[in-house]
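> My questions concern the predicted model and sequence given below.
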Amino acid sequence: MLHGYFLIGSSIQFCESREWLDFLIDQPANADHERMHEINRQHPLVLVTGGYKNKRDEWPKEGDYCRTCRTVCLSAAPVLKTDHIAPILDQLARGPALVRELIYEVSPELRKRRPAPGVWSAHEHAVHLPVVQPIMIGRLKQMLTDPSRPIKSYEPSRDDPDDALLKLDLEAEMDRFARERIGMVTALKTLTPDQWEISVEHEEYFHYSVRIMFRHLALHDLYHAYRIEERLLRKHWE
């Protein structure tokens with residue numbers, strides 16, 4: 001039975017204890033933290049330390065001696081490395097400027113032109129991004145306050161009128177995108193490592209956490225930026 005893991009020096013190490021076998025499984029310092037968190041959610045966490053057993057979610061304190069590992073814990077755990085989060089925050093912060101630059105390179109007469117019926121124009125790809133932000137903030141609040149509630153999926157083609165995005169003012173939406181994204185990134189910087197790893201049921205995805213949601217959002221910016229550039233560089237229009 002897997003009992004948990006903690007940090008020793010620069011390595012993430014699992015602590016597993018059985019009556020007939022004591023052994024330690026070393027993992028590299030860049031091990032999959034998300035998988036480790038998932039393991040500890042699925043299994044009772046009982047770490048055997050210097051003369052007592054910690055209850056679930058009580059981590060070994062600095063200086064505790066683990067009888068199984070026969071080593072001293074040098075740091076509390078779990079620790080979500082900041083290098084898992086920093087790239088997400090950096091990309092989220094850069095998204096609005098990149099999208100604004102691309103959409104204003106598209107000729108005004110082509111911004112709302114659709115490549116084919118039912119296929120979004122450059123304008124629609126751009127203004128869709130600020131429309132999504134309040135949805136993500138709403139999901140974050142729900143996940144932080146009631147992680148037992150499933151997340152509902154959002155599909156514009158299903159949930160919104162076909163011409164809804166065409167009616168939005170580009171300049172106002174780009175200003176809103178930049179303004180609200182600053183607020184979003186500022187709020188995300190206050191989250192604890194445990195909050196980043198909160199997982200909930202999602203209507204569409206088999207696994208969904210706060211970190212996955214905002215990584216998804218960062219990639220979502222780039223996806224729609226790419227689609228805008230496709231319209232920008234398009235040679236032939238039907």
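Perfect, thanks for sending it.
> CA only for contacts and neighbour counts going forward, please
Fine.
> roughly how far apart are the closest residue to M184 other than its chain neighbours and G118?
Of all residues not flanking M184 in the chain, I137 sits nearest, at 7.4 Å (C-alpha to C-alpha, 6 or more residues apart in numbering). Using C-alpha to C-alpha, to the nearest Å, we find I137 at a distance of 28 Å from G118.
> same thing with P130?
21 Å.
> For I137 and G118, indicate the residue with more neighbours.
I137 (16 against 10; other C-alpha atoms under 10 Å).
> wait, doesn't the more buried one sit right on G183?
No: here I137 lies out of contact with G183, judged by C-alpha atoms under 8 Å, at a distance of 10.1 Å.
> Need the overlap of contacts for those two.
Here I137 and G183 share no contacting residue, scored by C-alpha atoms under 8 Å, 6 or more residues apart in numbering.
> Quote the end-to-end distance of stretch 152-163.
Using C-alpha to C-alpha, the end-to-end distance of stretch 152-163 comes to 23 Å.
> What's the mean pLDDT across it?
Averaging pLDDT along stretch 152-163 gives 91.
> my guess is L102 meets E229, correct?
Yes: with contact defined as C-alpha under 8 Å, L102 reaches E229; the gap is 6.4 Å.
> Which parts of this protein are strands?
2-8, 11-18, 21-27, 65-66, 71-72 (DSSP state E).
> which one of the ones you listed has the lowest average pLDDT?
Minimum mean pLDDT among these: strand 21-27, a mean of 30.
> lowest confidence element among the helices and strands of the protein?
Least confident helix or strand of the chain, by mean pLDDT, DSSP states H and E, is strand 21-27 with a mean of 30.
> picking that back up, state the pLDDT value of the residue nearest to M184.
So, for I137, pLDDT stands at 95.
> if I look at it, how far off is K235?
Distance from I137 to K235, by C-alpha to C-alpha: 38 Å.
> before we move on, what about A218?
29 Å.
> ditto for P117
For P117, the distance to K235 - C-alpha to C-alpha - is 18 Å.
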